[in-house]
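In: Quick one, fold the following:
(chains A, B and C)
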Amino acid sequence: MINRVPAYLAGALVAVLTLGTLIVVALRAEAGSGLSGADWAAVRFTVMQAFVSAFLSIVLAIPVARALARRRFWGRRVLITLLGAPFILPVIVAVLGLLAVFGRNGIMNDLLGALGLPEMSIYGFHGVVLAHVFFNLPLAARFLLQGWLAIPAERFRMAASLNAPVGRLLERPMLRTVVPGAFLVIFLICLTSFAVALTLGGGPRATTVELAIYQAVRFDFDLGRAALLACVQFGICAAAALIAWQVTAVDGFGAGLDRVVQRWDGSRVFDGLWIAFAAVFLLIPLGMVVVKGAPGLLTLPDSIWAAAGRSVMIAVISAALTVTMALALALHGGRLVAVISVLPLAASGLVVGTGLFLIVFPFVRPADLALPVTIVVNATLALPFAVRSISPAVQTVRSDYGRLMDHLGIVGWARLRFVVLPRLRQPLGFAMGLAAALSMGDLGVIALFADEQNATLPLAMYRLMGSYQMEAAAGAGLLLVALSLLLFWLCDRGGRAGADL
Amino acid sequence: MLTFENVTLTQGDFALTADIAIDEGVTAVIGPSGGGKSTLLSAVAGFLEPQSGRVLCNDQDLTGLAPGKRPVSMLFQDNNLFPHLTVLQNVGMGMRPDLRLKTGDEQTILHALTQVGLAGYADRKPAALSGGQQSRVALARVLVADRPLVLLDEPFAALGPALKDEMLTLVRDVLVKAGKTVVMVTHDPQDARAVADRVVLVADGDASAPVATQAIFDDPPAALRAYLG
Amino acid sequence: MPKTAYLTVVAGLCMATTATAETPKLTVLTYDSFVTEWGPGPAVEAAFEEVCACDLEFVGAGDGAALLARLQLEGPRTDADIVLGLDTNLTAAARETGLFAPHSVEADLALPIAWTDTEFLPFDWGYFAFVGNAGAQAPTSLRALADSDVKVVIQDPRSSTPGLGLLMWVKAAYGDEAAGLWADLADNIVTVTPGWSEAYGLFLDGEADAALSYTTSPAYHLIAEEDASKVAWAFDEGHYMQVEVAGKVAATDVPELADQFLAFMVSDGFQSIIPTTNWMYPAATPEGGLPDGFETLITPATSLLKSPQEAQAVRDEALAEWREALSQ
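Out: Below you'll find the predicted structure:
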């Protein structure tokens, strides 16, 4: 058998970073005020927007994924890769991109104005939902596309020859197994949303739990309330997870989406429209990031390039750590692993950062640990996605080659090196790319730890904005997007090239 | 010599008993599908521990031995080769599961490949081979593994009739000549007639004692008659 | 492989060592924008190190509102000798932490108000103002803004010092009628951002007609970018002031050096750097006067400022009014 120690270590690290930091914060708290009415309003708003965002992301992703699964067209592969982009975009960059399209001064309002229609405002509940759908529709589409491609081609042939309804016979059962897991992940991502709600929410009614935590720590220095709110957030997460697991099977999320299943149903026109909708909705804001950032790119100060180098280094190391932990957990398997790999999604970034700060501060200067802490935290935050992409592939290796390996006595290191790693190249590459890109864009704990010498690119970008350097900040944003996508592409590509599968 | 001593195997509701001894040479296991042919082999290979009784190989008790430690080589219905490893590595896995090949090992592997008619194919990967060639690679691995007992769980079922005959002949020529006890599951009586010295019928939850091939087909018992139709 | 990956991390954690310097070291905890290459930090560091025979280190801790939380998080064990960048809306809470010691600096300050605080010493100040585009519609009061359909973007008072400043501004100008003004302002507010950067960025991107900033912001565009297109709106009710202060941490191990820094802070060497790096008014007017361009800025007829005690006392009530009005 493969050694279980790495899985226990990974599990322990996740537990310390999520629950451990929460406990540390709670212990440090003095008698606080408890939760106020405004806090409960924040809880309601948070759950509501997360539910609506996840619901819309999935509902819209269904026709998009179906169209992508059954249509072959020029640029399909590029489109699927670019669909991954919004998800790995740093929030602030994405928000600026969205504003360039949907903002008061954006393309959309220019069009409405030209048509003599009233101006639309992106700010408010709908703006928060719109941004969340922008981030998560592609993610949902990937989950679902995976589900579609997992239906064997023979079944579609059989359904076609029987003239049976593909939707009821094949697609609905598949969606029933895939949708709950996808919904859970997106719900949790939206649950802990912070910057989106804050910038696009339009005012205090759009206060999320994460924002309330931020204010409890920063404004009132009420760590007890922050810890309570973080508990509420975990509670909501646990409830959502329990409900989702009641109705779901193991779901996959990963590489290998460039296959097209031949189909005999559906309307070419409608599929085309859905693909066009997704492409326009997702790629135009992305394009605006490029347009706005390009001028600033030429005048970036040296400190930004240094920060970019640091970010790339952090991203690569933390992605390697993520993939190692995810592999260890996936090889271990079981329900506990499912729990471990959801925990980071429900954790409050600020509580994690504050807790770590409290743990570290008595012993070392936080700034000295900025990079290692960032690496470990980023690695943990990307873990849920990595486990999801690797787990199904581990199952496949086990069912395809488990008996052969047992029979030949291929165990331990040899099993990992000669069978598991080579068989998992694609999902490992994908997970690594994803983790690296997520790490690139994460602002998270670094803000609490970093000093001048070890700022990351997102933090440096924020600091540019704080010094009236808006054009340079836009350039830094573009650099950030470009580097994130490049890292993702390189890793994903490395997993595919020359793989004999 | 493979011995089942009062063995009872259970898998869910299904139960199979066997109290038989199988001699060297080729023994075919036939019977209706779902009758327990593969279950019987699983017990020998170590994927299923008997509820009661013992399985012995040349008087060695196999109870509790891990699959990899048993004096058994097995070929499955599919996934017998690792697609990402070369032919040399795939065969090498039979000798050294950690692929730390020692001096002389490579010679042994190349010799085995020559025996199965694949000289010069060592550096290819399975995807570059035909179905028949892939089966030959798996057989070469059995040869280098050098274990006395060989279990074939219909590994050639997907091949065409001519290719399958060729493989069975190869089994006979190479494995039997090397002194191995071969037990093969088959659903095709022709296979049994072609290569088997004797036949074990698995039906109605029981594995019956081996009978010489010619004899059993000349005067089939009721269960076999029902199966042959 | 998994094991070695863990080892790498452990090694990384262990490698962090504390540098022991022979020269005394002064650690100043401040907000991020103070320490960037565009902020006053680098020039101040160079100037002070020339006279102090010490090592001056600035530690950035997010924005102004995060400073106090960071200090409370660190508690009495903090490495900081000086905390620089709190404003008068936060000094009462800062004083209550008991982490600060009185300073011993006598300075000739050029603030529009008298300064008597014995623990906190100002280093710069400014007036909050809405900054918009020249030539566009410019309301002349908070009330006029509330009654217009002009769109502005403001900061959240719970996470940003300008946001808290506006809360105090409205409270200082309207007292018990503050809630009513907020209710009327609600439809003028495009959105509420976490910090100054986002709000100002949204304004520059054309998302709003103005952003809450400072009367000195147009000086940045004029001097650094030679762009005269930004103006601060002068309001009849007067403008609320932000006075940015520094304080000496009681637990400092270099109290004399800390006092020396505070004295330097209100001297010419520090004050002459402030106008074109922090884009605020210096607390003591430098010998050469203010840089060219500052004379174009509006000068409010009335300066509003609540005392730290008052500011702390009305904070929660004002916040509730604000939240109530903007949640409708």
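In: hey, let's count contacts and neighbours off CA atoms from now on
Out: OK.
In: Report pLDDT for residue C:17.
Out: With respect to pLDDT, residue C:17 scores 37.
In: where's residue 39, which helix or strand?
Out: No chain specified, so I'll use chain A. For residue A:39, the host element (DSSP states H and E) is helix A:37-70.
In: wait, I meant chain B there
Out: Going by DSSP H and E, residue B:39 is in helix B:37-45.
In: ok, and for that helix, which residues are buried?
Out: Using 16 or more other C-alpha atoms under 10 Å in any protein chain shown as the test for burial, helix B:37-45 gives B:37, B:38, B:39, B:40, B:41, B:42, B:43, B:44, B:45.
In: Does residue C:24 touch residue C:55 like I think?
Out: Yes. At 6.2 Å, residue C:24 and residue C:55 qualify as touching, with contact defined as C-alpha atoms under 8 Å.
In: Which one's more surrounded, those two?
Out: Neighbour totals were compared for residue C:24 and residue C:55, and residue C:55 leads with 18 against 15 (other C-alpha atoms under 10 Å in any protein chain shown).
In: Could you give the bridge partners of that one?
Out: With DSSP bridges as the criterion, residue C:55 is bridged to residue C:25.
In: count of residues packed around whichever residue of chain B sits closest to chain A?
Out: Distance from chain A to each residue of chain B (C-alpha to the nearest C-alpha) is smallest for residue B:68, at 3.9 Å. As a burial measure, residue B:68 scores 20 neighbours (other C-alpha under 10 Å).
In: which parts of the stretch 201-328 of chain C sit against chain A?
Out: With C-alpha under 8 Å from any C-alpha of the partner chain as the criterion, the stretch 201-328 of chain C meets chain A at residues C:201, C:205, C:206, C:207, C:208, C:323, C:326, C:327, C:328.
In: In strands only, show me those.
Out: Among those, no residue falls in strands (DSSP state E).
In: Redo these as a markdown table? Include pLDDT and neighbour count.
Out: Shown next, in a markdown table, are these (pLDDT from 0 to 100; neighbours: other C-alpha atoms under 10 Å in any protein chain shown):
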| residue | pLDDT | neighbour count |
| --- | --- | --- |
| C:201 | 88 | 23 |
| C:205 | 87 | 18 |
| C:206 | 88 | 17 |
| C:207 | 89 | 24 |
| C:208 | 92 | 25 |
| C:323 | 89 | 20 |
| C:326 | 87 | 21 |
| C:327 | 80 | 15 |
| C:328 | 70 | 10 |
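In: is it true that residue B:30 touches residue B:202?
Out: Yes. At 6.1 Å, residue B:30 and residue B:202 qualify as touching, with contact defined as C-alpha under 8 Å.
In: any residues in contact with both of these two?
Out: residue B:37 (C-alpha atoms under 8 Å, 6 or more residues apart in numbering or on different chains).
In: could I have the top helix by length along chain B exported to CSV, CA atoms only?
Out: If you go by DSSP state H, chain B has its longest helix at helix B:131-145. C-alpha atoms of helix B:131-145 as CSV (Å, rounded to 0.1, in the frame of the first residue of the first chain):
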residue,chain,number,x,y,z
GLY,B,131,-3.9,-6.6,-30.1
GLY,B,132,-2.1,-9.9,-30.7
GLN,B,133,1.3,-8.4,-30.1
GLN,B,134,0.0,-6.9,-26.9
SER,B,135,-1.1,-10.3,-25.7
ARG,B,136,2.4,-11.6,-26.6
VAL,B,137,4.0,-9.0,-24.4
ALA,B,138,1.8,-10.1,-21.5
LEU,B,139,2.9,-13.7,-22.1
ALA,B,140,6.5,-12.6,-22.1
ARG,B,141,5.9,-11.0,-18.7
VAL,B,142,4.5,-14.4,-17.5
LEU,B,143,7.6,-16.1,-18.8
VAL,B,144,10.1,-13.8,-17.0
ALA,B,145,8.0,-13.8,-13.8
